[in-house]
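Asker: Quick one: sequence and predicted model below, then my questions.
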Amino acid sequence: MTDFLNIVEPATGQHLWSGVISDVDSDVEIARQAWSEWASKPLTYRTEMMRRFANQVKAERDVLADLISRETGKPLWESRTEVEAVIERVEASIKSSGERTPNRRIEGALGLRQALRHKPHGTLAVISPYNMPALIPAGHIIPALIAGNSVVFKPSEMATAVGSKLTELFRAVGLPKSVLRLVVGGPEIGKKLAAHPMIDGLLFTGSARTGLALNIMYAANPGKILALEMGGNNPIVAWDTVDLRTAATLVVQSAFLSAGQRCSSARRLIVKSSMADALIDEVKILANRIIVDHPHADPAPYMGPVISNAAADELTGAFLDLMAKGGQVIRPMTRPDPDLPFLTPGIIDVTSVTDRSDTEYFGPLLQVSRADSFEDAMAQANDSRFGLSATLLGGSPSHYDQFWANIRAGVINWNRPTNDAAPTSPFGGLGLSGNHRPTSFYAADYCAYPVASAEIDTMRASIGIGLRADERDAPKLVLKGYF
Ligand code: NAD
């Protein structure tokens, strides 16, 4: 019997897309057979293919943005920014490939060369989440293909229509079907792909729960590359600023962009006690103005729905749990339609909650706490097993120096949102946020491995120490004329 994956639009509950669940073995086999031919093409051939892909995305940018909005519920303006970021990712990846994985030759004496070159791993699996269904997989697939790998790509089971469209855009410019395989399915299919003996590595973006399971699975396979990009429980520390309106805007952008469904979204606002009430008022005023609506609505919303009713249930449950533990509601998280996953931004003061869980609430839920000293604020900010992004709002240059030196995170910003990350920078985190294989500009690093070679055209060798004399070199006594 054929099994199908069915996807509904979160904003309407209507059916959007169906696809047949894949046969992982067959897709891996096809990609495996294809990689060496792909790897043998000149680098310029592969980079030009990626440039053609960027042009194809440009030509179909509206279609892709519309699909992202339908499938994830993201406002259309925001989906458009995701599509533009996919296009930008191509040039950034080409630049990164040249800078991070270059070929170099150092010429030595007597024609000896020390060469550095990079080789692709072979066939890489890419497993991605739903929240940026085009940019995140593209951020792995483009550098993996540039490096000469073939790719087996499993999008999120909640964003496979976009995954399928992305695959189609690569193939539309002539990328062989065998070099990029689309695998349709949920966690079980993901598990099978990750564990497949014929893949040479896994590039994963998703939750810490899944990432940890994959880390355990790969512990017995140190020879396979594993890049983990996971979640965060990201803090903002707000200190000594009189510009409360701007600070509030940065808090709202950090916490509620994408309805809080970004790995780099701010989950915690830690604010100096003496300015807390004033800043909280500003944040509340702005959060009250946020339009939550259908992604295509006019006027445009700031937030669409979260991905599913199950996710909305979890988030409202988490908000109630924080209330039950003594949290003071600043702005309730409400669900205007119980049958659809639209949520209003929830803000809660958890200063007096003693048993706060270090959990990534992946949605529009901001926890606020107060701090009397900068050291206390720093300690609160670091009180997490995660370490993805962190922001200081306000403060002096020396506060920022202290913040930068002591905060544990892979993205540390000052007076910018927690989710501000440039494609020209690496992106990754510490602790439960990743395994020190940052993506974005450093993605090239995990798509190829370095090979060092000492080379010379003609063999030349001698051992000058520690050997007995070679009898063949002893002078021979030649007696002439006596016999
Ligand atoms: P998820 O972990 O539930 O799923 C991610 C992918 O893994 C999906 O394709 C899923 O089918 C697959 N999967 C699930 N269980 C698996 C298993 N046991 N073996 C193999 N594959 C499995 O994550 P999600 O809910 O789709 O995405 C949200 C999460 O992603 C958040 O935690 C967010 O912070 C994180 N994220 C991280 C980054 C980053 O760059 N660090 C970026 C975006 C999202």
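Answerer: In hand now; what should we look at?
Asker: any idea which element the nearest residue to residue 381 once chain neighbours are set aside lies in?
Answerer: Excluding the flanking residues, the one nearest residue 381 by CB to CB, 6 or more residues apart in numbering is residue 235, at 4.0 Å. Bear in mind the C-beta positions are built from the backbone N, C-alpha and C, glycine included. Per DSSP states H and E, residue 235 falls inside strand 234-239.
Asker: Which positions in the helix or strand following that strand come out as buried?
Answerer: Going down the chain from strand 234-239, the next helix or strand is helix 244-256, by DSSP H and E. When neighbours are counted by 16 or more other CB atoms under 10 Å, the buried residues of helix 244-256 are found to be 244, 247, 248, 250, 251, 252, 253, 254, 255, 256.
Asker: With respect to residue 18, which of the residues you listed is nearest?
Answerer: residue 256 (32.0 Å; CB to CB).
Asker: low pLDDT regions in the protein?
Answerer: Applying pLDDT under 70 to the chain flags the ranges 477-483.
Asker: can you give me the offset of the longest helix belonging to it from its chain's centre?
Answerer: Longest helix in the chain by number of residues, with DSSP state H as the criterion: helix 76-100. A distance of 13 Å separates the centroid of the chain from that of helix 76-100, by CA atoms, centre = their mean, to the nearest Å.
Asker: Contacts for it next, please.
Answerer: The contact list for helix 76-100 (CB atoms under 8 Å, 6 or more residues apart in numbering) reads 43, 47, 50-51, 53-54, 57-58, 61, 64-66, 68-69, 72, 74, 132, 134-135, 138-139, 142-143, 146-147, 257-258, 295-296, 300, 423-424, 440-445.
Asker: Quickly check: it near the ligand or not.
Answerer: No: Helix 76-100 lies out of reach of the ligand by CB under 6 Å from any ligand atom, never closer than 11.7 Å.
Asker: Now that helix: buried residues?
Answerer: Using 16+ other CB under 10 Å as the test for burial, helix 76-100 gives 76, 78-80, 82-83, 85-87, 89-90, 92-94, 96-97, 100.
Asker: three-state assignment of residue 49?
Answerer: helix (DSSP: H, G, I helix; E, B strand; the rest coil).
Asker: Excluding chain neighbours, what is closest to it?
Answerer: residue 175 (5.9 Å).
Asker: Now do whichever residue of the stretch 251-400 of the chain sits closest to the ligand against residue 133, distance only.
Answerer: Among the residues of the stretch 251-400 of the chain, residue 263 lies closest to the ligand, at 3.3 Å counting by CB to the nearest ligand atom. Per CB to CB, to the nearest Å, residue 263 is found 14 Å from residue 133.
Asker: now swap in residue 209 and tell me
Answerer: 19 Å.
Asker: So the two - more neighbours on which side?
Answerer: residue 133 (28 against 11; other CB atoms under 10 Å).
Asker: about what we covered before: make sure the residue nearest to residue 49 is indeed in a strand.
Answerer: No: per three-state DSSP, residue 175 lies outside any strand segment and is coil.
Asker: thinking it is in contact with residue 45, fair?
Answerer: No: contact status for residue 175 versus residue 45: not in contact, 11.1 Å apart, counting by CB atoms under 8 Å.
Asker: Of these two, which one has the most company?
Answerer: Ranked by neighbour count (other CB under 10 Å), residue 175 and residue 45 place residue 175 first, with 21 against 10.
Asker: Now for that one: which residues touch it?
Answerer: Residues in contact with residue 175 (CB under 8 Å, 6+ apart) are 49, 53, 145.
Asker: dump the residue contacts of the first one.
Answerer: Just to be clear, that refers to residue 49. By CB under 8 Å, 6+ apart, the residues touching residue 49 are 145, 173, 174, 175.
Asker: try it again with 10 Å
Answerer: By CB atoms under 10 Å, 6 or more residues apart in numbering, the contact list for residue 49 reads 38, 41, 90, 145, 146, 170, 173, 174, 175, 176, 179.
Asker: can you tell me how far the residue nearest to residue 162 when sequence neighbours are not counted sits from residue 173?
Answerer: Once flanking residues are discounted, residue 162 sits nearest to residue 133: 3.9 Å by CB to CB, 6+ apart. The gap separating residue 133 from residue 173 is 20 Å, by CB to CB.
Asker: do residue 340 as well
Answerer: Residue 340 sits 37 Å away from residue 173, going by CB to CB.
Asker: ok, these two, which is more surrounded?
Answerer: residue 340 (20 against 16).
Asker: List the contacts of the more buried one.
Answerer: 9, 10, 11, 12, 13, 73, 294, 305, 306, 308, 309, 312.
Asker: For it, grab phi and psi.
Answerer: For residue 340, the backbone dihedrals (degrees, to the nearest 10) come out as phi -130, psi 150.
Asker: Next: residue 330.
Answerer: Backbone phi and psi, for residue 330 under degrees, to the nearest 10, turn out to be phi -100, psi -40.
Asker: Which residue is the nearest non-sequential neighbour of it?
Answerer: That would be residue 347: by CB to CB, 6+ apart, it lies 4.0 Å from residue 330.
Asker: so the one you found bridges to which residues?
Answerer: Counting by DSSP bridges, residue 347 is bridged to residue 331, residue 366.
Asker: Can you get me a residue count around it?
Answerer: Counted with other CB under 10 Å, residue 347 comes out at 26.
Asker: wait, isn't it in contact with residue 287?
Answerer: Yes: using CB atoms under 10 Å, residue 347 is in contact with residue 287, at 6.2 Å.
Asker: what do the two both touch?
Answerer: Shared contacts of residue 347 and residue 287, counting by CB under 10 Å, 6+ apart, come down to 251, 252, 255, 256, 330, 331, 364, 366.
Asker: any idea how far the second one lies from residue 76?
Answerer: Noted for residue 252: a distance of 20 Å to residue 76, by CB to CB.
Asker: mind listing what's buried in stretch 389-400?
Answerer: For stretch 389-400, by 16+ other CB under 10 Å, it's 389, 390, 391, 392, 393, 394, 395, 399, 400.
Asker: which SSE is the nearest residue to the fourth one once chain neighbours are set aside in?
Answerer: The shortest distance from residue 392 to any non-neighbouring residue, by CB to CB, 6+ apart, is to residue 403 (4.4 Å). Assigned by DSSP H and E, residue 403 falls within helix 397-406.
Asker: what do residue 175 and residue 45 both touch?
Answerer: Common neighbours of residue 175 and residue 45 (CB under 10 Å, 6+ apart) are residue 38.
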